[in-house]
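Colleague: give the three-dimensional model of this entry:
(chains A and B)
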Amino acid sequence: MYWKYCIRRIIYGFAIFVILIFIFSALFNATMENTLRSRIEEEIHTETMRLDTRMTPEELTRYIAERREFKQRLYHLDKPTWSRIFWRAFNVLSLDFGKATIMRSSSGEADVWIIIAECIPRTILLFTTAIFINIILGLWLGLKKAQRAGSLIDKTTSIGTMIVYGMPSWWLGMLVIMFFAYTVKIFPSGGLHSVPPPTGFAYYIDLYYHMTLPVLTLVAIGFWGSAFLIRNIVLGILQEDYIMAARTRGIPERKVLYGHAMRTAAPPIVTMALLSLLASVGGNIIFEGIFSWPGLGNLYWIAIEQNDIPVLMGNLFITTALYMGGLVILDLIYGFLDPRIKVGGKQ
Amino acid sequence: MKWIDFKAGVQDFWNEFKRVKFGLFGLILLFIFILTVFINPYIVPFPEASIRWRDITYWEDNPVSAPPAWVNWFSSTKRAPSLIMEEHVFSEEKMGKIKLSRAVFKYEYSYDLPPLDVIFHGYAIGSPVIMLSIERPDGHIIELVRRPISKSDGKEVRVSIGKDSRIESYNFGAKFENLEGNRIEREMVKPTSVLFSEAKEGILVYPSPLKGTYKLIAEIILPSENDVVEDIYFTFSGGVSGWLGTDSSKRDIWSGVVAGVKWALLIGLLTAFTAVSIGVTYGVMSAYLGGWKDSLMQRIFELFLGVPLLPVLIVMSAIFKPNIWIMILMMSCFFWVGPVKTVRSMGLQIKEETYIEAAQAFGASSSRIIFKHMVPLLIPYAFASMALYVPSAIVYESSISLLGLGDSTIVTWGQILHDALTGGAVLNGLWWWVIPPGLFIALMGMTFAFIGFAMDNILHPKLRTR
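Modeller: This is a model prediction of the structure:
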């Protein structure tokens, strides 16, 4: 039954994604068409420059008008608004984001999809590493807190959670760079790797060296929250009757905690980990810009600075796709871990 | 729910709340923040910072990128701080039609590095002549500037000694300097460093400070009856400035940060209030109405849930260039999904209560049941989540402003940080420009986290201890 649930969930997620793309296309239609029109004019201009000069002015105007009409038909600009929106959404869904106006990929290509595609793994690498460390530290501290709920260590660390609650990670990033990259000078101020990048094994060392500072910043802010959530999840379970029963049977506390409580706590904790990963994409992504980490978040900075609308829109679509994908995977994992969901419950 | 019930409910809640210490601490912090909004003009040197943040003339007397004044306490070379000096001794003398007034300002100088500039201000009508001179502790009197005002119906006069008395101060210094052999460029000599240094050899090159009481004298010749020069004062733009220093555009950061409090409170509270109100109503409606309406509302909810918030807000801000009110509206449009899931499940429970059934039996309408009998029960939860949404709203606005997409008619902490980032504050270690705005964001977030977590604590008593 699980695979049926999977297929249903994936199709449903995709449907929502398609609707969102349509909404975005409608919302930003005017701006995107403006950039498209100016690009058509530019293309025609370069074409006329290449033409032989024997044409009379009338022929030239007619030629330009012809080309313009052809191109507008090519990009469906001659159709009514709703159909233009449809074509735009269709292009996006087939990963055709058009060409960037200014920006280029590292191999020099102007195709928006290529520019974005090379950023995706970097973003995923940075944020998954940070969340991974986050959860491990959070588990360690959260379990400690749950075991001694109401104690001094629980209270003080809860205060810590509240202190960092509204702290922007990018601000902490700025401070950390100021201190560790410019004052003490033990870490690089940003970037993916040194220039020129070393080869072989040294490349990975160099990559991790550059990743240390951003990951440390994310962990320093993030793990308080995960510790607090894990504490609440585990504490809620520790108050269940079967835990009490296990304790009365004389099962040692360690075994109760790791054998009984953690088994029940696993699904919500996994959910929490994935949710915080998604929350990073949805709310933390420009953090990359501070460290010049060339991922999707940094791409927003550059696209806005250079006013490159195609890249900006393409980036939005890809981020949304990743986000939706994450939500679907979250549900699939949750369904796998919690058998009740697969069956669908009572209708 | 009657008023008296409501009052009793609030009283109960308050009694519980009082026992959570960090909640009270949060309330005190919130009170301080609200207080700063009201006493803003009395605690900042530049009360118009909020509306004239991008007006360069408003900041022109300040030094560029000066550290905070209290840095002097920790450093061995004391720098003269920025100062506005209005107190002076005034005397007048009449010679026929011509009037000669004289204002003497006393300046106590006990620093190692002189102010960067000393600026005379006044408001002049007619054609007066303004002459500035300085009397040093060692008795030298130096005439600095002579500035005739051509006929005016009233205008601000601004005389910068640092710019307009280069020749006079150079000549004064040159008297003591052995100029043979080493030529000293006149343009390289800073007037203030000559004026506030000991009159001995090296005054132009390696000046050593002359501490003591200086007298800044402004003599004003008023040729006719109607001529007036009033509101005179001196500003010193120092090597250190104000509580939190200045940025690279001479703006006083303390004034900017305090001006940001009001906007942060507005953005946070308004967004959280709108979003949570919508979310709670939506969740309860979805739970109560049930059937196909519930399914439809859940589908719409899931649609909003699939939106990555910050990227969408960034793109919308980049394309529509919204002002702050539209920005708040945009954020509310996406924030409301937060409480829906919890509220709906709570609503499903409340719906089964017998008193709801009783109300239905009396023929109460759906809207009456939803708003009169169900929503009030969720108010404690709504307030708790409201408090916890305030920080995120502030952080989202700051993040968008950090990208340079904020409303340029106001000043928010995110915008100050954007300027800091583009102005190279991180690179050049101008910590007083980077730390305070972010610290205030964090502090404001902490305040509401304290309050929200305290309310949460009351709502979930089981999670307090084992």
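Colleague: where does the stretch 1-150 of chain B have low pLDDT?
Modeller: Along the stretch 1-150 of chain B, segments meeting pLDDT under 70 span B:1-2.
Colleague: tell me where it has strands.
Modeller: For the stretch 1-150 of chain B, strands defined by DSSP state E, counting those that start in this stretch occupy the ranges B:83-85, B:89-95, B:98-109, B:117-126, B:129-135, B:141-148.
Colleague: secondary structure element for the residue in chain B positioned nearest to chain A?
Modeller: Residue of chain B nearest chain A, by Cβ to the nearest Cβ: B:Gly445 (1.1 Å). Yep, even glycine has a C-beta here, placed from its N, CA and C like the rest. Per DSSP states H and E: B:Gly445 is located in helix B:431-459.
Colleague: which helices and strands sit right next to that helix?
Modeller: helix A:152-163, helix A:169-177, helix B:3-18, helix B:21-43, helix B:253-289, helix B:379-402, helix B:413-422, helix B:425-428 (3 or more Cβ pairs under 8 Å, 6 or more residues apart in numbering or on different chains; DSSP states H and E).
Colleague: pLDDT score for the residue lying farthest from the centre of chain B?
Modeller: Computed with Cα atoms, centre = their mean, the maximum C-alpha offset from the centroid of chain B is found at B:Ala361, amounting to 56.9 Å. Here, the pLDDT recorded for B:Ala361 equals 89.
Colleague: residues touching A:Cys6, list them.
Modeller: By Cβ atoms under 8 Å, 6 or more residues apart in numbering or on different chains, the contact list for A:Cys6 reads A:Leu332, A:Gly335.
Colleague: could you measure it against chain B, distance?
Modeller: In this view, A:Cys6 and chain B are 17 Å apart by Cβ to the nearest Cβ, to the nearest Å.
Colleague: which helix or which strand is home to that residue?
Modeller: helix A:2-27.
Colleague: and the next element down the chain from that helix?
Modeller: helix A:29-50.
Colleague: what packs against that next one?
Modeller: Against helix A:29-50 (3+ Cβ pairs under 8 Å, 6+ apart) you get helix A:57-74, helix A:81-93, helix A:309-337.
Colleague: any buried residues in it, and which?
Modeller: A:Asn29, A:Thr31, A:Met32, A:Glu33, A:Thr35, A:Leu36, A:Arg39, A:Ile40, A:Ile44 (16 or more other Cβ atoms under 10 Å in any protein chain shown).
Colleague: now render the residues you listed as a markdown table, adding pLDDT.
Modeller: Listed next are the buried residues of helix A:29-50 as a markdown table, based on pLDDT from 0 to 100:
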| residue | pLDDT |
| --- | --- |
| A:Asn29 | 82 |
| A:Thr31 | 82 |
| A:Met32 | 80 |
| A:Glu33 | 81 |
| A:Thr35 | 81 |
| A:Leu36 | 81 |
| A:Arg39 | 81 |
| A:Ile40 | 83 |
| A:Ile44 | 82 |
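Colleague: B:Phe90 reaches B:Phe105, doesn't it?
Modeller: No: in terms of Cβ atoms under 8 Å, B:Phe90 does not count as a neighbour of B:Phe105; the distance is 10.3 Å.
Colleague: redo the strands of the stretch 1-150 of chain B as JSON lines? Include mean neighbour count and distance to chain A.
Modeller: Below are these laid out as JSON lines (neighbours: other Cβ atoms under 10 Å in any protein chain shown; distance: least, Cβ to the nearest Cβ, whole Å):
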{"stretch": "strand B:83-85", "mean neighbour count": "14", "distance to chain A": "29"}
{"stretch": "strand B:89-95", "mean neighbour count": "10", "distance to chain A": "47"}
{"stretch": "strand B:98-109", "mean neighbour count": "16", "distance to chain A": "32"}
{"stretch": "strand B:117-126", "mean neighbour count": "20", "distance to chain A": "29"}
{"stretch": "strand B:129-135", "mean neighbour count": "19", "distance to chain A": "40"}
{"stretch": "strand B:141-148", "mean neighbour count": "16", "distance to chain A": "40"}
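Colleague: dump those strands into TSV; add distance to B:Phe31 as well.
Modeller: Output for the strands of the stretch 1-150 of chain B, formatted as TSV (distance: least, Cβ to Cβ, whole Å):
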stretch	distance to B:Phe31
strand B:83-85	30
strand B:89-95	43
strand B:98-109	38
strand B:117-126	37
strand B:129-135	47
strand B:141-148	49
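Colleague: excluding its backbone neighbours, what's nearest B:Lys200?
Modeller: B:Phe176 (5.7 Å; Cβ to Cβ, 6 or more residues apart in numbering or on different chains).
Colleague: which SS state does that neighbour fall under?
Modeller: At B:Phe176 the chain is in coil, as set by DSSP: H, G, I helix; E, B strand; the rest coil.
Colleague: need the contact list for it.
Modeller: B:Phe176 neighbours (Cβ under 8 Å, 6+ apart): B:Ala199, B:Lys200, B:Glu201, B:Ile203.
Colleague: got the contact list for the closest residue to the last one other than its chain neighbours?
Modeller: Excluding the flanking residues, the one nearest B:Ile203 by Cβ to Cβ, 6+ apart is B:Gly173, at 4.6 Å. Contact criterion Cβ under 8 Å, 6+ apart gives B:Val189, B:Val194, B:Ile203, B:Leu204 as the residues in contact with B:Gly173.
Colleague: got the contact list for stretch B:453-461?
Modeller: A:158, A:161-162, B:13, B:16-17, B:20, B:22-24, B:26, B:380-381, B:383-384, B:387-388, B:463-464.
Colleague: ok so, going back, okay, the helices and strands packed on helix B:431-459 in TSV with distance to B:Ser150 and mean neighbour count next?
Modeller: Shown next, in TSV, are these (distance: least, Cβ to Cβ, whole Å; neighbours: other Cβ atoms under 10 Å in any protein chain shown):
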stretch	distance to B:Ser150	mean neighbour count
helix A:152-163	60	16
helix A:169-177	50	23
helix B:3-18	67	12
helix B:21-43	35	15
helix B:253-289	34	23
helix B:379-402	44	25
helix B:413-422	38	24
helix B:425-428	42	18
